[in-house]
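Asker: sequence and predicted model, in that order:
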Amino acid sequence: MAPPEEGPVRSGKGPVREILETVALALVVALVVRTFGVQIYRVDGESMLPTLAHGDRLLVNKLVYRIRGPVPGEVVVIRDPADPRRHLVKRVVAVGGEEVEVRGDEVRLNGLLLDEPYVNPESPGTYNAGPLTVPEGYVWVMGDNRGASLDSRLLGPIPVSRVEGRAVVLVWPPSRFREEVPLVSAREYR
């Protein structure tokens, strides 16, 4: 008896069908990852200067807030309450149950003055808000460029359900890879 032939096993499918199945599977995997996992977002505008500039690209973890809530100091992407097709990049300043008050450049949380080294000192805040207690299930977000930011001072608290995810790393432009970009900042008081 002759030994069996070695070589590739034929699937019985034609090459066109195999290619189509592979492309379909790749599209499904990409859609699932983009919907539930990670996505790249583009910074639109100057509301996060000096931390982030217009045109910067961020890798955003969309899964993290299915496991836990946003944490103060994190840079997040939210759906714009006025236009759900648009996204805003902001920093979480307060979470549900915390009292926030904004007077110009000063932010007080539960009566304590917040130290914010990431804020653009050349663009002072001009809006006042509060004092108000952020409702449970909401966050208070602000841009680092306080003089040019559409944020909770005008929009009010943002439902956590509108938070798309947490910015993890700056992925574009390459010229900024060596810079330290504070996408998370521990809360400190003055």
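Answerer: Structure's in. What do you need?
Asker: residue 150 versus residue 88, what's the distance?
Answerer: Per CB to CB, to the nearest Å, residue 88 is found 7 Å from residue 150. All C-beta spots, glycine's among them, are computed from the backbone N, C-alpha and C.
Asker: and stretch 70-85, end to end?
Answerer: From its first residue to its last, stretch 70-85 covers 21 Å (CA to CA, to the nearest Å).
Asker: not counting its own residues, what contacts it?
Answerer: Residues from elsewhere that reach stretch 70-85 (CB atoms under 8 Å, 6 or more residues apart in numbering): 41, 48, 51-52, 58, 60, 86-95, 98, 109, 139, 141, 155, 158, 160, 162-167, 183-187.
Asker: buried ones among those?
Answerer: Neighbour-count burial within these applies to 41, 48, 51-52, 58, 60, 87-95, 109, 139, 141, 155, 158, 160, 162-167, 183, 185; the criterion is 16 or more other CB atoms under 10 Å.
Asker: and those, which of them are in strands?
Answerer: 41, 58, 60, 87-95, 109, 139, 141, 158, 163-167 (DSSP state E).
Asker: in this structure, what spans have low per-residue confidence?
Answerer: In the predicted model of the chain, residues 1-12, 21, 23-37, 177-179 satisfy pLDDT under 70.
Asker: let's see that with 80 instead.
Answerer: Along the chain, segments meeting pLDDT under 80 span 1-38, 124-125, 172, 174-184, 186-187, 189.
Asker: strands along that one, start to end?
Answerer: Along the chain, counting by DSSP E, strands occupy 38-42, 57-61, 75-79, 87-95, 99-103, 106-109, 112-115, 129-133, 138-142, 158-159, 163-172, 188-189.
Asker: among these, which is nearest residue 22?
Answerer: strand 38-42 (22.3 Å; CB to CB).
Asker: buried set for the closest one?
Answerer: Neighbour counts over strand 38-42 (16+ other CB under 10 Å) mark 39, 41 as buried.
Asker: looking at the strands of the chain, which is nearest to residue 69?
Answerer: Closest approach to residue 69 among the strands of the chain (CB to CB): strand 87-95, 6.5 Å.
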